[in-house]
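1. Here is the input, now give the coordinates:
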Amino acid sequence: MRVVIALCLIAPFVAMLWVGSYARIEPSFIGIPFFYWYQMLWVVVSTALTMIAYKLWQRDQRARKGGASA
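-> Residues are numbered from 1 along each chain as shown. Next comes the predicted model:
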């Protein structure tokens, strides 16, 4: 579970640090160069991945507390 949480939190950093993968103009989306819309897409994806990681963390903590008291 914690590996999945870590992957959810690390993926946006890796995607943004790997500049060579998105340092181009094409394909454009509604006139916006790829460089910009790719980064804006990652804002949304990062939010979703952070929410997933948070929910998984809560579930993991509840399972650990429940298992320790039983």
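
2. report the longest helix in this structure, please.
-> Ranked by residue count, the top helix of the chain under DSSP state H comes out as helix 34-69.

3. Now that helix: average pLDDT?
-> Taken as a whole, helix 34-69 carries a mean pLDDT of 91.

4. Likewise for stretch 4-20?
-> Mean per-residue pLDDT for stretch 4-20: 93.

5. Pull that stretch out as PDB, backbone CA atoms only.
-> Provided in PDB are the C-alpha atoms of stretch 4-20 (Å, rounded to 0.1, in the frame of the first residue of the first chain):
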ATOM      1  CA  VAL A   4       1.400   2.800  -4.300                       C
ATOM      2  CA  ILE A   5       1.200   5.900  -2.200                       C
ATOM      3  CA  ALA A   6       4.800   6.800  -2.900                       C
ATOM      4  CA  LEU A   7       4.300   6.200  -6.600                       C
ATOM      5  CA  CYS A   8       1.300   8.500  -6.600                       C
ATOM      6  CA  LEU A   9       3.300  11.300  -5.000                       C
ATOM      7  CA  ILE A  10       6.500  10.800  -7.000                       C
ATOM      8  CA  ALA A  11       5.000  10.500 -10.500                       C
ATOM      9  CA  PRO A  12       4.300  14.200 -10.900                       C
ATOM     10  CA  PHE A  13       7.900  15.100  -9.900                       C
ATOM     11  CA  VAL A  14       9.400  12.700 -12.400                       C
ATOM     12  CA  ALA A  15       7.000  13.800 -15.100                       C
ATOM     13  CA  MET A  16       8.000  17.500 -14.600                       C
ATOM     14  CA  LEU A  17      11.700  16.900 -14.200                       C
ATOM     15  CA  TRP A  18      11.900  14.900 -17.400                       C
ATOM     16  CA  VAL A  19      11.800  18.100 -19.500                       C
ATOM     17  CA  GLY A  20      12.900  16.300 -22.700                       C
END
